[in-house]
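A.B. asks: Task: produce atomic coordinates for the following.
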Amino acid sequence: MRVRILGTAAGGGVPQWNCACPGCAAARADPRLRRRHASIAVDDGTGRRYVVNATPDIGEQIEAYPELAPGPGRRETPLAGVILTDAELDHTLGLWRLREAAGLNVIATTTVHRALDGGPHLGQVLGPYAGITRTELPAGEPIVLGDGRLEVRAVPVSAKRPRYAAALDLGEDGWVAALRLTDRRDGTTLVYAPALAAWPPALDEALVGAGAVVLDGTFWDDEEPLRAGFSRKTATGMGHLPITGPDGTADRLAALPAARRLYTHLNNSNPLVLPCDDGHRELARRGIEIAQEGAVIEL
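C.D. replies: Purely as a prediction, here's the structure:
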């Protein structure tokens, strides 16, 4: 399995357009510190790629990497579909940027499909431009994509719904999922969970045998949103387990036998957006990386 990291930032990116925090200011001063919204591209083994989450940066992310470039035909593209972990705007706005597609396969839970149709009216708005195929991603049950080489299983990890969906009558299931992606030719597996409000037993099960794990690193600690002054909620209150502290994920991530263990989806307030922060060395001592834009994970 070959996975390209297309972006590593939480909603707003780094820098965020209306933010002058230290991380955003540093990224404006040094373009090397900029981070696009969190996403990955997965090769299905046939030269076709599935993008996980369609971010507002999807056009630039596709243009940045040769394996996602169109061709050889004028309107041929290696993009086989978009797999969604949730219905949040920073993970779905890019769908509208793909309106030029002849057809668009959107793979998500039933709840996410219904939220996108009931809230921002994806089908109504995008349908006249690109034919949309909705592939259902049932919770806990693997599905096989494309030519049968790539298997995807959704693991429910949160009932957090986007603000626009607050009034939608869609129940509590299927809102946010971690993805277990497996190459059926050799069994290599990556688990991708950019939004993690809880660590249920089903996630432990999904992590068994994974060669790489890429987890939600939105906030360094639970008080970060309060300390930064942009929210009255803690990290856990915003639906993200922090990296450190009593509810932190670092101990669990460090204990996994996976060859690669990485954090992604960094908020602009997270000190890890600054390369000089001591947190990088602390995590590196435990065998944990911070995902870098453009990096490739080979399994």
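A.B. asks: contacts and neighbour counts: CA atoms only from here.
C.D. replies: Fine.
A.B. asks: My read is that Thr111 contacts Ala177, right?
C.D. replies: No - applying Cα atoms under 8 Å as the test, Thr111 and Ala177 come out as separate, 10.9 Å apart.
A.B. asks: The two: which has the busier surroundings?
C.D. replies: In this view Thr111 and Ala177 are compared by other Cα atoms under 10 Å, and Ala177 has more residues nearby, 28 against 22.
A.B. asks: bridging residues for the more buried one?
C.D. replies: Counting by DSSP bridges, Ala177 forms beta bridges with Pro156.
A.B. asks: For it, give me its contacts.
C.D. replies: Going by Cα atoms under 8 Å, 6 or more residues apart in numbering, Ala177 touches Thr85, Asp86, Ala154, Val155, Pro156, Val157, Ser158, Ala193, Ala195.
A.B. asks: how does it look with 6 Å?
C.D. replies: By Cα atoms under 6 Å, 6 or more residues apart in numbering, Ala177 lies in contact with Thr85, Ala154, Val155, Pro156, Val157.
A.B. asks: Tell me how many other residues crowd the fourth one.
C.D. replies: Look at Pro156: counted by other Cα under 10 Å, it has 25 neighbours.
A.B. asks: Quick check: it vs His91, distance?
C.D. replies: According to Cα to Cα, to the nearest Å, Pro156 and His91 sit 16 Å apart.
A.B. asks: Next: the last one.
C.D. replies: With distances defined as Cα to Cα, the gap from Val157 to His91 amounts to 16 Å.
A.B. asks: go on, the first one?
C.D. replies: Between Thr85 and His91 the computed distance is 8 Å (Cα to Cα).
A.B. asks: Tell me where the protein has helices.
C.D. replies: Per DSSP state H, the chain carries helices over the ranges 22-29, 58-64, 89-92, 94-97, 110-118, 122-126, 201-207, 224-228, 250-255, 278-284.
A.B. asks: Quick check: mean pLDDT of the second one?
C.D. replies: Helix 58-64 carries an average pLDDT of 98.
A.B. asks: what's the answer for the fourth one, then?
C.D. replies: For helix 94-97, mean pLDDT rounds to 98.
A.B. asks: Residues touching it, excluding its own?
C.D. replies: Contacts with helix 94-97, where a contact means Cα under 6 Å, 6+ apart, come from Ala54, Thr55, Pro56, Ile58.
A.B. asks: Just give the number of residues close to the first one.
C.D. replies: In terms of burial, Ala54 registers 29 neighbours under the definition other Cα under 10 Å.
A.B. asks: contacting residues for it?
C.D. replies: Contacts of Ala54 (Cα under 6 Å, 6+ apart): His91, Thr92, Gly94, Leu95.
A.B. asks: Not counting sequence-adjacent ones, nearest residue to it?
C.D. replies: Gly94 (4.4 Å; Cα to Cα, 6 or more residues apart in numbering).
A.B. asks: Can you get me a residue count around that neighbour?
C.D. replies: 18.
A.B. asks: For Gly146, give me the pLDDT.
C.D. replies: Gly146 carries a pLDDT value of 88.
A.B. asks: Compare Thr85 and His91 and say which is more crowded by neighbours.
C.D. replies: Thr85 (30 against 25).
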